[in-house]
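>>> Predicted model and sequence follow; I will ask about them next.
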Amino acid sequence: MSETRPRRIIIGDVHGYYQGLMILLKEFAPTSEDQVYFLGDLIDRGPQSAQVVDFVKKNNYPCLLGNHELMLLSVMSKDFNSNQIIQAWLYSGGQATITSYQSAQIPQDHLDWLANLPTYLDLGDVWLTHAGVDPRKSVSEQTSQELCWIRDEFHSMELPYFSNKLIIVGHTITFTLPGVAPGQLAQGEGWLDIDTGAYHPRSGWLTGLDITNNLVYQANVFNNKVRTLPLEKAVTRISPHQIQVSRRHKQRVY
């Protein structure tokens with residue numbers, strides 16, 4: 001009889017697609033023994049951010065702070081009065097988040113929960129954060145700005161940041177990286193990006209990674225298709241040189 005182990009499952013940027021998340025969860029059917037982690041950016045762009053936050057919060061799933069949660073918290077701060085940042089958040093999907101709350105007012109318990117999300121989680125052999133790390137800084141020197149927003153400096157690292165840990169991130173849609181097709185994961189020196197662009201019309205794929213068994217589960221938020229792939233068939237390897245060459249010519253999607 002085959003032995004089953006509790007799984008560690010990591011879910012990429014949901015961006016308000018609650019129904020897609022439910023389809024994905026049904027596909028890998030987590031048990032009470034499994035550990036499910038979210039990489040942040042639960043909100044914005046999709047139609048059901050309120051439902052996504054409520055679901056993750058009520059189920060006590062560990063979740064990281066993403067740049068979209070950080071923007072929301074900045075906008076909601078009592079000391080905050082920058083109209084430019086407010087408009088940037090609304091343009092980046094914030095209006096959809098406000099609309100998803102029936103009263104158009106985000107409950108304080110949701111804001112408090114979001115404000116207490118960690119910026120990284122160390123799982124031993126795996127290190128989770130939303131965007132990446134600044135390779136020039138130690139872990140203790142990393143700020144939410146790097147951990148929630150960084151892109152090219154992280155992706156173009158020529159050596160792994162950790163010698164004994166794989167960094168798993170979301171934030172950067174994988175098909176915006178050189179040579180990566182929509183729906184594919186991207187891997188570089190010591191990192192793996194699983195944000196496959198659930199909200200983006202070029203993709204629609206929401207990804208969950210079973211890192212215990214190296215399996216990739218995906219649900220398409222636009223057509224409800226599902227698929228399960230071995231990690232080696234779902235990932236595209238990228239060299240630091242490819243990132244360095246492309247970084248001056250590609251406009252990133254936030």
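All right, it came through fine. Keep in mind it's a predicted model, so treat the numbers as computed, not measured.

>>> sec struct for Ile9, please.
For Ile9, the assignment made with DSSP: H, G, I helix; E, B strand; the rest coil gives strand.

>>> State the distance from the nearest residue to His171 once chain neighbours are set aside to His68.
Distance criterion C-beta to C-beta, 6 or more residues apart in numbering; nearest residue to His171, sequence neighbours excluded, is Ala131 at 3.9 Å. Heads up, the C-betas are built off the backbone N, CA and C, glycines and all. Counting by C-beta to C-beta, to the nearest Å, the gap from Ala131 to His68 is 11 Å.

>>> Going along the chain, name the helices of the stretch 51-200 of the chain.
Secondary structure of the stretch 51-200 of the chain (DSSP state H, counting those that start in this stretch): helices at 67-76, 83-89, 95-100, 108-115, 144-149, 152-155.

>>> Could you check the angle the fourth one makes with helix 67-76?
Relative orientation of helix 108-115 with respect to helix 67-76: 130 degrees, computed using axes from the mean of the first three to the mean of the last three C-alpha atoms, to 10 degrees.

>>> Touching helix 108-115 from outside, list them.
Ala50, Val53, Asp54, Lys57, Leu65, Glu69, Leu72, Leu73, Met76 (C-beta atoms under 8 Å, 6 or more residues apart in numbering).

>>> quick check, nearest of those residues to Asp125?
Distance to Asp125, by C-beta to C-beta, is smallest for Leu65 among the contacts of helix 108-115, at 22.3 Å.

>>> ok, the closest residue to the closest one other than its chain neighbours - how many residues close by?
Spatially, and ignoring its direct neighbours in sequence, Leu65 is nearest to Leu117 (4.0 Å; C-beta to C-beta, 6+ apart). Counted with other C-beta atoms under 10 Å, the neighbours of Leu117 add up to 19.

>>> who's in contact with Leu117?
With contacts taken as C-beta under 8 Å, 6+ apart, Leu117 has the following neighbours: Gly40, Cys63, Leu64, Leu65, Glu69.
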